[in-house]
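> Sequence isn't available, so here's the structure alone:
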C-alpha cells in the first residue's frame, strides 16, 4: 500500500510531493501532462510587496527564506537552475505611486530608491523608478526536471484522473488496482469538477501572457509598470499578465493581447515584436489564500490548491506545513486551513 496518491504536478503537487519524498514516503503522482496549465505558462515571479502602498506580502519574512532554500535543494538534486534572485525595476505610473514608495523606503527591507537613470534609452520613466528585491522560479526548468525525477523513481503515472474509479474505504482509498492511505488533490482549476471539495469557494481566473522580442535589449531585472516584463533570454521577455473572472473558454483573446500591448507601450520607448501568446486558468479562492487540509467526512481525502498568482513563493513553506499535518498531525496555519470552509460543507 502506498502512503499517498497525489493528483496533479503543478507547483502545488510538485512541492508537496517533494516534501513527502524527503520524509521517505511512498507516493505516486498522477498527472495528465497538459502543456497549458497555469504553472507551466507562468513566469514564476516572487514579489515581496503588494498593492499601491508597497505593503509586504503575507508571512513573507518566513516564506521567502524557506522558498529560497527549498529551490536550492531541488536544483542540487535535479542538476538544473531553478531559482534566480532579481531586482524588480518598478517604474512609477504616477506621482502618487512615487510618493507611496518613498513613504515605505525607511520601513521595508525589500525596497530601495533608484539613484541612477537606468534603462533611459529603453523605458519611459516620467515619475522615476524604484528597486524591489524579488526573484523568479524557473518553472520551465523545474517542472520538467522534477517530472523526469518522479518517473525515474517510478512515482509518476501520466493519465487523466477518473473519479469513477476511486473507491473509499474506512482507512484508505483504492484506485485502479492501487491502494493508498490517502489521496491528495492538487489538480489546480480542475478542482471545480471535484465532487468531494465542491463546498470550497474556488474562484478560477484566466490569465494571458505574451512573449516578446526587444531588439538589442537584455537585463537580468524584472521590469514593472502596469505590466511585468520578465527576462527569458537576450532580447526575449515574458509579458504579463491579465485577469478575467468571466470567460467562455481557455483560448488567448485579442482583447487581452491589446491590453498587454497597451501597458507595454506605456513602458517601452523602443520597438518590439510579439513572438507568442498563451492563456491559462489559475486556481484561486475568494479570500486569496491557499486551501490545505483533509475532508471533514473522509479524512483519507485531502486537498492542496488555490495558490493563485503567488504560488511560487507560497508553495514551499505551505506544502511543508501540509506534510507536517499529514505525517505528524501538526495543525496548519489557520489562514490556509480547509476548516475555514466547513460551515459551507455543513450547509
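Cool, got the structure. Here the structure is a predicted model, which is why all the values come from computation and not from measurement. Numbers count the residues shown, from 1 in each chain.

> what packs against the helix or strand where residue 315 lies?
In this assignment (DSSP states H and E), residue 315 forms part of helix 311-328. With contacts taken as 3 or more CB pairs under 8 Å, 6 or more residues apart in numbering; DSSP states H and E, helix 311-328 sits against helix 11-22, strand 45-46, helix 60-78, strand 291-294, strand 301-305. In short, each C-beta sits where N, CA and C put it, glycine included.

> if you set the cut-off to 6 Å instead, what comes out?
helix 11-22, helix 60-78 (3 or more CB pairs under 6 Å, 6 or more residues apart in numbering; DSSP states H and E).

> That helix vs helix 11-22, what angle?
40 degrees (axes from the mean of the first three to the mean of the last three CA atoms, to 10 degrees).

> what element comes up after helix 311-328 heading to the C-terminus?
Remark: after helix 311-328, the chain's next helix or strand is helix 342-346, criterion DSSP H and E.

> mean confidence for that next one?
Averaging pLDDT along helix 342-346 gives 78.

> Including mean neighbour count, could the helices and strands packed on helix 311-328 go into CSV?
Shown next, in CSV, are these (neighbours: other CB atoms under 10 Å):
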stretch, mean neighbour count
helix 11-22, 25
helix 60-78, 17
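
> Make a markdown table out of the ones you listed and add distance to residue 323 and mean pLDDT.
Putting the helices and strands packed on helix 311-328 into a markdown table (distance: least, CB to CB, whole Å; pLDDT from 0 to 100) gives the following:
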| stretch | distance to residue 323 | mean pLDDT |
| --- | --- | --- |
| helix 11-22 | 4 | 97 |
| helix 60-78 | 12 | 97 |
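
> Tell me which of those sits nearest to residue 311.
Comparison of the helices and strands packed on helix 311-328 against residue 311 by CB to CB identifies helix 11-22 as nearest, at 4.5 Å.

> And the closest one, what does it pack against?
strand 2-7, strand 27-31, helix 311-328.

> Export the ones you listed to CSV and append columns for mean neighbour count, mean pLDDT and distance to residue 51.
Conversion of these to CSV gives the following (neighbours: other CB atoms under 10 Å; pLDDT from 0 to 100; distance: least, CB to CB, whole Å):
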stretch, mean neighbour count, mean pLDDT, distance to residue 51
strand 2-7, 22, 98, 33
strand 27-31, 23, 98, 34
helix 311-328, 22, 97, 16
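
> okay if I get the ones you listed as JSON lines plus distance to residue 107?
Below are the helices and strands packed on helix 11-22 laid out as JSON lines (distance: least, CB to CB, whole Å):
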{"stretch": "strand 2-7", "distance to residue 107": "40"}
{"stretch": "strand 27-31", "distance to residue 107": "42"}
{"stretch": "helix 311-328", "distance to residue 107": "20"}
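
> can you tell me which of these comes nearest to residue 218?
Nearest of these (CB to CB): helix 311-328, 22.7 Å.

> now what about the closest one, what contacts it?
11-12, 15-16, 19-20, 23, 44, 46, 63, 66-67, 70, 137, 290, 292, 304, 307, 330, 332, 336 (CB atoms under 6 Å, 6 or more residues apart in numbering).

> now swap in stretch 235-243 and tell me
Against stretch 235-243 from outside (CB under 6 Å, 6+ apart): 43, 205, 207-210, 212-214, 229-232, 256, 259-260.

> what's the answer for stretch 271-280, then?
36-38, 41, 208-214, 250, 252, 257.

> out of these, who's nearest residue 141?
Once CB to CB is applied, the member of the contacts of stretch 271-280 that ends up nearest residue 141 is residue 41, at 14.6 Å.

> okay, now that closest one: neighbour count?
21 (other CB atoms under 10 Å).

> do the one 5 residues further on as well
Other residues lying near residue 46 total 27 when counted by other CB under 10 Å.

> Tell me how far residue 311 lies from residue 193.
Distance, residue 311 to residue 193, using CB to CB, to the nearest Å: 20 Å.

> err, residue 228, not the other one
31 Å.

> now swap in residue 54 and tell me
38 Å.

> on that earlier part again, by neighbour count, sort out the buried ones in the contacts of stretch 271-280.
37-38, 41, 208-214, 252, 257 (16 or more other CB atoms under 10 Å).

> Is it possible to get TSV of those residues that adds distance to residue 340 and secondary structure?
Shown next, in TSV, are these (distance: CB to CB, whole Å; DSSP: H, G, I helix; E, B strand; the rest coil):
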residue	distance to residue 340	secondary structure
37	26	coil
38	23	helix
41	29	helix
208	30	strand
209	31	strand
210	36	strand
211	38	strand
212	40	strand
213	45	strand
214	44	coil
252	34	coil
257	37	helix
